[in-house]
Every structure is written in C-alpha cells, then in structure tokens.
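Colleague: Mind folding the following:
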Amino acid sequence: MARNNLSERWEEYYSTAIQKGLKAALADVSIEKSFDEFDDGHIKLNKLMYVAMAERGLHEEMQHSWHRYGGDLGTLVPSTRTVGPVELDDLPETEQPQQPRPSGDNSRKTVWDESDYREFFKTISIGSLESLNEILEASRATLLEEFYTEYSGEIEDWVDLYLINVRIQEVLHLYAEDDLGQFDNEAYMAFAETLEAFERELYSHSELSPDHLDEYDIDLSSDENPADLLTDFLDLVDDIYFTISQQDLDEFSGDLSYQLSMVEEFYHERAWNLVTKVISLHTMHGPNQEALLYGSISDLEQLVNGFSIRMERIESECRAADLLPNSNQFRSPEADSRPGQQLPTRDEFRQALKGDH
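Modeller: Numbers count the residues shown, from 1 in each chain. This next block holds a predicted model:
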C-alpha cells in the first residue's frame, strides 16, 4: 500500500512537537544532559516519546510496534545526540498541516503543540518512576519493568513474557555490576524458576511456530522455531549460571567478563530479539504498516540465519573458561559416588533444594 501523504504529514507533526516539548521540559527541570549522555539513552528517549503518543491516543497516527524493549516508534525517534535541553522560546513553532487530520482523529480534543508536550513531560510518570529525572536516571531493568506494567494494553497476551524477560536480563548483567560473587545456590534456584516460567510462557504462544509464520511467507524449517532457538540458548545460560553458583569466582581460570558479555549481548541482540520480531508482526499500528511488516520479516530471517553457529561459538568460549559442566565435575544420574566428592547434576541440585524448602 502507498504511504498516505496526509497521514505522513500529521505523523511528522506529532513526532516533531513531542521532541520539542521534551527538549523544553529538560531545560525547565534543569536537566543539562542530552540523551546520548544517559545510560540506555535511546531506550529512554523511545519510551518517553511512546508514552506521549499513548497518553494522547495517537496509536493510529504514529507508526509503532513492540520489539525487544517494548513499544517502539522506530524511525520517528531521532538520534539521542539531537535531543537535549533547549528553552521553549529558542525552538521554532511546529507548523500544523493545513489539511484536516486523518479519519478517526478529528473527534479528538485540540491538537497539542510543543508547549503542551513540555507541560506533559514536566509532570510525567511511568509506574513508580514519578518524574522525568527519575526516568532518566533509572536502570534499564527498572524502567522496562515499570513501562511494561503500565503500558501493556496493546500486548496483554505477551506482557508476562516481557516481564519475565526483565528478570533474565538482570541476571545476565550481574557480571558488569560486580555482583556475580553473590550468585549463590539460592540465587540460582530463583533464576532456574524464572527460566522455567519463561519457557512455559514461550510455548503458550502458537504465533511463534513455523506453521503460523507461513502466513507471512516466512519459510522456516522445523528446527528453526523461534521458541526452540531461544530455549536452546537459555539451556546454555542455565548451565553457565549453575556452574557459577557452585564455585567461588577465584576458582575459574581468569576474568569471566569477556564470555559473560558475549552471553548477554547474544541474548539481547539475537535470542530475545528473534522472538520479539514475531511479536512485532502482531502489534503494528499507524501509517505505513506494510514497510514495518517487511522490515520485521527481513530482520527475523536474518536473526534465524546463523543462530546456531553463533551460539556454538559462545558455548566454546564458555567451555574454555570452565563455565560449563564437564564429566569430571558433574555426575550423571547413574553415577555412584560418595556424597560431596563431586558436584550434583543440575536437576539433582534443584530437587535437593526444593526438598529443603
């Protein structure tokens, strides 16, 4: 379908007015940094613009869908370097299109300009994050959890998956926060339960099956099921973090940051991203949905291609760093050895801890 020129002009107006209002709000509340100076600045900029869109009911006027970090306005979100504090008087007024708003939009109350959005952002809250400053200073996990809880109306069927995913992200980032030494038996058990809940939720969605993806002309083999690929990777993650929970960090042969950063990056960039590309197919709104559809299909096919090969490389790196169980450390269920002589299998360990509780 051809892009509707009227819809495009109004979409550009909304996006520009929101951005200018945000710049003015930053100046008014004395925030002196642009978004490229904040941790996860692009995610935070995207979420703030999404919230403005959602609160004004502009779902059909601005293109968006849900991706790995939730609601995403795609190309409507500018470079983080370009959004920083600017006084409203120093910003040119955004000119509204002369034509009437697209069908379905005319009944809405007065169109907001940058001044209105400035006031909106000055008092914005997302869940328990009660100010613009709190949102900008929040950790990625905190922001996403609050955002998913507050703005899950479009994705009610998927919100549990997004929320469980945040807990996985937190564990995969422990190495960067120097908190890995605290990942003990109890922490592992909680993580294992999270992984199991995640897997159950994944397989409750038939939309992830290759058969269902046929309707989008996505040709996947039976061993390229997005849910299967993600759970294969999470099995590897489970092994890694079980091993970490059973040993002191100084027992490993060197710093683990390189290997664990590979694991974290693969989860965000490929494993979780793969599943959310399917979710994006079901959550598209606004003008030019055909372009969004083709983009998600192309991304999905690229993520599937080479998935297993890249995962094998990570597994090899982790094995070389003694981050995976081997036959000398972990007993098979049939092995007969004295208690305490060798570490238990992962399943034995889980069952033993559950029995203690």
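Colleague: Centre-most residue in this structure?
Modeller: Tyr69 (2.8 Å; C-alpha atoms, centre = their mean).
Colleague: Spit out the contact partners of that residue.
Modeller: Shown in contact with Tyr69 (C-beta atoms under 8 Å, 6 or more residues apart in numbering): 43, 46-47, 144. From N, CA and C alone the C-beta is placed, and that goes for glycine too.
Colleague: and those residues, which of them are in helices?
Modeller: Assigned to helices by DSSP state H, the following of these qualify: 43, 46-47, 144.
Colleague: So Glu264: helix, strand or coil?
Modeller: Glu264 falls in the helix class when you classify it by DSSP: H, G, I helix; E, B strand; the rest coil.
Colleague: Neighbours of it, how many?
Modeller: Neighbour count for Glu264, taken as other C-beta atoms under 10 Å: 19.
Colleague: That one - nearest residue in space that isn't next to it in sequence?
Modeller: Sequence neighbours aside, Leu172 is the residue nearest to Glu264 in space, at 4.3 Å (criterion: C-beta to C-beta, 6 or more residues apart in numbering).
Colleague: how close does the one you found get to Ile164?
Modeller: According to C-beta to C-beta, to the nearest Å, Leu172 and Ile164 sit 13 Å apart.
Colleague: Confirm Phe121 sits in a helix?
Modeller: Yes: the assignment for Phe121, made by three-state DSSP, places it in a helix.
Colleague: how far away is it from Leu136?
Modeller: As judged by C-beta to C-beta, Phe121 and Leu136 stand 11 Å apart.
Colleague: And the residue nearest to the centre of the chain, what's its pLDDT?
Modeller: Confidence at Tyr69, expressed as pLDDT, is 98.
Colleague: Counting neighbours, what do you get for the residue nearest to Glu264?
Modeller: Counted with other C-beta under 10 Å, residues neighbouring Leu172 total 21.
Colleague: Same check on Gln98?
Modeller: Here the number of neighbours of Gln98 (other C-beta under 10 Å) works out to 6.
Colleague: The residue nearest to Glu264 contacts Leu260, correct?
Modeller: Yes: the pair Leu172 and Leu260 passes the contact test of C-beta atoms under 8 Å, sitting 7.5 Å apart.
Colleague: what's in contact with stretch 81-99?
Modeller: 6, 9-10, 13, 16-17, 19-20, 22-24, 26-28, 31-36, 45, 111, 113-115, 118.
Colleague: the strands in the stretch 1-150 of the chain, which residues?
Modeller: Ranges of strands within the stretch 1-150 of the chain are 65-67, 70-72, based on DSSP state E, counting those that start in this stretch.
Colleague: ok so, going back, ok now do the residue nearest to Glu264, which residues does it touch?
Modeller: Taking C-beta under 8 Å, 6+ apart, we find Leu172 in contact with 237, 260, 263-264, 267.
Colleague: residues contacting His285?
Modeller: Taking C-beta under 8 Å, 6+ apart as the criterion, His285 is in contact with 59-60, 62-65, 154.
Colleague: follow-up on the earlier one: what about burial for the ones in helices among the contacts of Tyr69, which qualify?
Modeller: Neighbour-count burial (16 or more other C-beta atoms under 10 Å) applied to the ones in helices among the contacts of Tyr69 gives 43, 46-47, 144.
Colleague: Gln182 - how many residues pack around it?
Modeller: Neighbours around Gln182, by other C-beta under 10 Å: 10.
Colleague: any idea how far Ser65 is from it?
Modeller: Look at Gln182 and Ser65: by C-beta to C-beta, they are 37 Å apart.
Colleague: Then Thr80?
Modeller: Counting by C-beta to C-beta - Thr80 and Ser65 are separated by 21 Å.
Colleague: domain assignment for this structure?
Modeller: The chain breaks down into these domains under automatic domain parsing: 1-138, 152-324.
Colleague: Now the two most distant members of the buried ones among the ones in helices among the contacts of Tyr69.
Modeller: Spanning the widest gap among these are Asn46 and Leu144, at 11.1 Å by C-beta to C-beta.
Colleague: got any ranges where the stretch 51-200 of the chain has weak pLDDT?
Modeller: For the stretch 51-200 of the chain, the stretches flagged by pLDDT under 70 are 100-109.
Colleague: Which stretches in it count as helices?
Modeller: With DSSP state H, counting those that start in this stretch as the criterion, the stretch 51-200 of the chain has helices at 114-122, 132-137, 140-150, 159-172, 185-202.
Colleague: counting contacts, what elements does the second one pack onto?
Modeller: To tie it back to what came earlier, the one meant is helix 132-137. helix 41-55 (3 or more C-beta pairs under 8 Å, 6 or more residues apart in numbering; DSSP states H and E).
Colleague: Give the buried residues for the helix it packs on.
Modeller: For helix 41-55, burial by neighbour count (16+ other C-beta under 10 Å) applies to 41, 43-54.
Colleague: Apart from its neighbours in sequence, what residue is nearest Asn326?
Modeller: Sequence neighbours aside, Arg319 is the residue nearest to Asn326 in space, at 7.8 Å (criterion: C-beta to C-beta, 6+ apart).
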